[in-house]
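Undergrad: Whatever this is, show me its structure:
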Amino acid sequence: MGKDAGFEFLEHISDAKFRAWGETLEEAFRNSGRALFSLMLDIDKIKSDLEITTHTKAESLEWLLFDWLSELLYQFEVEGIVFSDFDIKIEVKGDIYILDTTSYGTRIDPAQTEIDLHVKAITLHDLVIKSGREGVSLEVVVDV
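TA: Numbers count the residues shown, from 1 in each chain. Presented below is the predicted three-dimensional model:
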């Protein structure tokens, strides 16, 4: 993936790793969802005929990202849904981070869809969120 995609794949010894970024935290989260599904298939070929909303709460941004990506992976594994884009809203209320998303995708037939890489789980290992003058970057390792 090129720099314009908002994410790139990184070297990792035994699993898969990606970096996603954006000018805002919401944009970086959006791009992390896109990176997750780009590991598995060509998201440009996904027709978005399905919208799913989710509401996630966590005590840290790292757990918020972990929980949300895990929910996306659950939707893929159990419901057979792949996503190509996301609307993201993140709020902080006291000590709690709140994520509201609308995910756009489609239901697939796993028997008839070629999956490039099967992601088994999101990990907390090396999960990093950095903010700076140039925006926000996230690094995520997934178990394959």
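Undergrad: Give me the mean pLDDT for stretch 26-41.
TA: Confidence for stretch 26-41, expressed as mean pLDDT, is 98.
Undergrad: Check stretch 87-105 too.
TA: 98.
Undergrad: Just the residues contacting it, thanks.
TA: 25-27, 29-30, 33, 37, 46, 48, 50-61, 63-64, 68, 72, 75, 81-86 (CB atoms under 8 Å, 6 or more residues apart in numbering). Yep, even glycine has a C-beta here, placed from its N, CA and C like the rest.
Undergrad: now do stretch 106-125
TA: Here stretch 106-125 makes contact (CB under 8 Å, 6+ apart) with 15-16, 36, 39-42, 46-50, 62, 66, 69-70, 73, 76, 79-82, 140-144.
Undergrad: how far does that stretch sit from the chain's center?
TA: 12 Å (CA atoms, centre = their mean, to the nearest Å).
Undergrad: Could you list the buried residues of that stretch?
TA: Neighbour counts over stretch 106-125 (16 or more other CB atoms under 10 Å) mark Thr106, Ile108, Val119, Ile122, Thr123 as buried.
Undergrad: circling back: kindly give a single PyMOL line that selects the buried subset of the contacts of stretch 106-125.
TA: In PyMOL, a selection of the buried entries from these looks like this (16+ other CB under 10 Å):
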select buried, resi 16+36+39+40+41+46+50+62+66+69+73+76+81+82+140+141+142
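Undergrad: Just to be sure, which of the contacts of stretch 106-125 are found in strands?
TA: Ala16, Leu50, Ile81, Val82, Val140, Val141, Val142, Asp143 (DSSP state E).
Undergrad: Just want the phi and psi numbers for the residue located most distally from the centre of the chain.
TA: For the chain, the largest distance from the centre (CA atoms, centre = their mean) belongs to Gly94, which lies 24.9 Å off. The phi/psi pair for Gly94 (degrees, to the nearest 10) reads phi 70, psi -120.
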